[in-house]
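A.B. asks: Below is the sequence, then the predicted model.
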Amino acid sequence: MIHRILPLLLFVFVICHTTSFSQSIIETKFEQQMVEYETDVVRCYNELQKFLDKYDRNLAEMIAFEDLLSIYVDRILEIFNTMERLAGSSLETYRGVAARVLIFRSLTYLERSRQAPENFQKAVTDYKHALQLYKMSTTIPIMNKKLPYEVWIGRKMYTRLADLLDDKNKDFNLLNSLKDKNE
Amino acid sequence: MKKYVLFLLILLLWITTQPGFAQDVRSLYDKVRVEYESGNFGTVVNLCKQIIQRCEQNYPDAECRYTDVMKNVYRYKGFSEFRIHSQGQDMDHLEEAINSLIKSYELYGDPEISFNYGYMQSSRAIKLKNGRDLNGLVNAWRGVLGLYARDEWTVSNDLLNKLKIFIQQAVEISITPPDSALTTGRFTSFMIRLACDLARKRNLAKDDSLFFNVYYRRAIDDEYNLRGNEWRARGFEAEQLFINQVDDSTYRVCLGYLELALRFAKSTQRKAEMLKELTKVALYMEKYGKNARRETELQYAREKASQAYTILQEHRTDIPRDLENEIKKVYGNSIFRLVDYYFSITTAKDRMNSFYHARRIGEELLVPDGQGGLKQKFIWEGYEDLYLKLSDVGYELGDERFAVDMVDKAWKAILEINHITIPQIYSSVNPQTAKELLQFAQVYQQIAERFGLQSVLHWLRPIIKTLSSKSYLPIKQGGM
């Protein structure tokens, strides 16, 4: 009897393992891609900083950088959403990447919020989206987590998004936008 | 009344004979595909317009609701309009093509379409000389990333070709308009770096590897100055063409590109390099150009070389040694050639004036030597010739002190260059060196004779005698 069932059991075992193996390959690929795209987001953000002191903020190039960064963020969110659908609940790594790039895009929009008022609303949306990703989490909030890389702006180095946000958003517009909603 | 009825009948007849009348969208769509395959782009555009028109009616056909049909209608229309534009360079068709493809992309986010309308937008920006329009690059890049993701994050051959097209457009936009580009070039430089990084994710063939390496280098050199680097590259290419075919046209093109490379240079090293190249080109034109305006070219060369030397003095640590030597060489050479020019154009009428002019030019390179005389600011390849020429000038001007000082320095310089001392002249000097030294010694003798310097002549005569005898090559005896 066992002789008859054994090949079947073996077959089921192999199928299960093959599926989970290919699933993990896909996940690894997704994670690798998200990390690569995040690197490009940070490169793009750093490059954008070179314009801030010297040039007019309505410069076509600044707007182009804004659009480019947005393309990358959209790609990352697309992978993140796919992973969420596949795995049910997304992994910490994916969530971290998605939240960080959303904050970077929010900061990018903020740079030209005076020149283009609609940018502020976009910045608030991304900021809220990033915070929501960590709403149910028990881990350290993304803003206070140490970044897996250094961000250099001019001669200043940042290792936490909170510091970067405090420096870039000195009048705390983003925080206030959340407060207004709560009140 | 009869007339109106007849007119209405004719109108009805005309409408019914029009292509597409009473045809449903499906049959029109089938026709579009056939016509597109046959290359009848005008008909394709016409048929697509009819489909769009029919779909805008109150009760459109079912096909109008199918994304697959409509995205293709706009796609066929867009590509056909672009083909028509390519034949006649009509900007209206290009505009229509872009709008059609955008519409297609909005219906179905095909990255291929995004790349294509991005490409068309960049082409439009280049043609209209609007370098500020960077939307094309952004949209094309959206397409590139989409295609990359669609191929499971691998770089296919098709994507590689698209990256090359993308890079070439980015470069072109960075120098649009050609005389004074409208952006800083930072964005295009960044885009090229991204494109090259993406291409390098796969194993590249030798030629492809070279292509991406060259453009990556061009994007990062001189503080990520793609625009300056592009002008520099074009300048060097034009310089090669100019050397092969020296005429006014190639000269102007070459100067234009190098001047632009200078204008957009960011680092001091690049500025110095471009000034040096401009000097070289002007000197070459003066020497080999058929219709060269000699004085103008020489003055231009002198001016550019002088600017390069000023940069060298102010930022010596930023300039590599080989570039420093080249700058000194072209500066010295341009001064020498200008001195020689004024020295040689003298006429009986303004003889003295030309000599004084030549001397003033020469003095640009002279500084006090601390012993009551003058010496050149720096040693360069050929500096002994300038001393010799200036001694000639001093001779003609009748300035004993200047002439003797210069010829003495020329004599010492030629001895130093040949690593030879006066006693060695009597023993071990080869015919070639002897010939070279003799020329200097004879000028020295001439000056000494003119100003009656007997002791110099006394010292010089045996040297000249020895050099004369040694400067003739011995006739080889035939047959061993």
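C.D. replies: Looks like it arrived, so ask away.
A.B. asks: Near chain A, which residues of the stretch 301-450 of chain B are found?
C.D. replies: By Cβ under 8 Å from any Cβ of the partner chain, no part of the stretch 301-450 of chain B sits against chain A. All C-beta spots, glycine's among them, are computed from the backbone N, C-alpha and C.
A.B. asks: can you give me the helices in the stretch 301-450 of chain B?
C.D. replies: B:321-344, B:351-363, B:383-397, B:400-417, B:422-427, B:431-450 (DSSP state H, counting those that start in this stretch).
A.B. asks: Next: chain A.
C.D. replies: A:2-52, A:60-87, A:92-111, A:118-133, A:161-168, A:173-182 (DSSP state H).
A.B. asks: name the element the closest residue to B:Glu172 other than its chain neighbours belongs to?
C.D. replies: Once flanking residues are discounted, B:Glu172 sits nearest to B:Ile126: 5.2 Å by Cβ to Cβ, 6 or more residues apart in numbering or on different chains. Using DSSP states H and E, the element containing B:Ile126 is helix B:111-127.
A.B. asks: picking up where we left off before, in CSV: the helices of chain A, plus distance to chain B, mean pLDDT and mean neighbour count.
C.D. replies: Output for those, formatted as CSV (distance: least, Cβ to the nearest Cβ, whole Å; pLDDT from 0 to 100; neighbours: other Cβ atoms under 10 Å in any protein chain shown):
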stretch, distance to chain B, mean pLDDT, mean neighbour count
helix A:2-52, 5, 76, 14
helix A:60-87, 4, 92, 19
helix A:92-111, 14, 91, 23
helix A:118-133, 16, 91, 18
helix A:161-168, 20, 87, 17
helix A:173-182, 26, 62, 12
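A.B. asks: Those helices into a markdown table, with extra columns for distance to B:Gly185?
C.D. replies: A markdown table is the format used below for the helices of chain A (distance: least, Cβ to Cβ, whole Å):
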| stretch | distance to B:Gly185 |
| --- | --- |
| helix A:2-52 | 12 |
| helix A:60-87 | 9 |
| helix A:92-111 | 20 |
| helix A:118-133 | 24 |
| helix A:161-168 | 26 |
| helix A:173-182 | 32 |
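A.B. asks: how about the ones you listed, which one is nearest B:Ala62?
C.D. replies: For the helices of chain A, proximity to B:Ala62 was assessed by Cβ to Cβ; helix A:60-87 is nearest, at 31.2 Å.
A.B. asks: If you count contacts, what does that closest one end up packed against?
C.D. replies: Helix A:60-87 sits against helix A:2-52, helix A:92-111, helix B:135-150, helix B:186-199, with contacts defined as 3 or more Cβ pairs under 8 Å, 6 or more residues apart in numbering or on different chains; DSSP states H and E.
A.B. asks: okay, and for chain B, where does confidence drop off?
C.D. replies: Applying pLDDT under 70 to chain B flags residues B:1-22, B:346-348, B:473-480.
A.B. asks: How many residues are close by B:Phe402?
C.D. replies: By the criterion of other Cβ atoms under 10 Å in any protein chain shown, B:Phe402 has 21 neighbours.
A.B. asks: just A:Lys156 next, same as before
C.D. replies: A:Lys156 has 10 nearby residues by other Cβ under 10 Å.
A.B. asks: Check the separation of the first and last residues in stretch B:53-60.
C.D. replies: 9 Å (Cα to Cα, to the nearest Å).
A.B. asks: Tell me which residues of that stretch come out buried.
C.D. replies: B:54-55 (16 or more other Cβ atoms under 10 Å in any protein chain shown).
A.B. asks: which outside residues touch that stretch?
C.D. replies: B:20, B:25, B:28, B:61, B:64, B:70 (Cβ atoms under 8 Å, 6 or more residues apart in numbering or on different chains).
A.B. asks: Repeat that for stretch A:128-145.
C.D. replies: So stretch A:128-145 is contacted by A:92, A:95-96, A:98-100, A:102-103, A:106, A:160-162, A:165, A:178 (Cβ under 8 Å, 6+ apart).
A.B. asks: Let me know whether the helix or strand containing B:Arg217 sits next to chain A.
C.D. replies: Here B:Arg217, judged by DSSP H and E, is contained in helix B:206-224. No. Counting by Cβ under 8 Å from any Cβ, chain A is not contacted by helix B:206-224; separation bottoms out at 8.7 Å.
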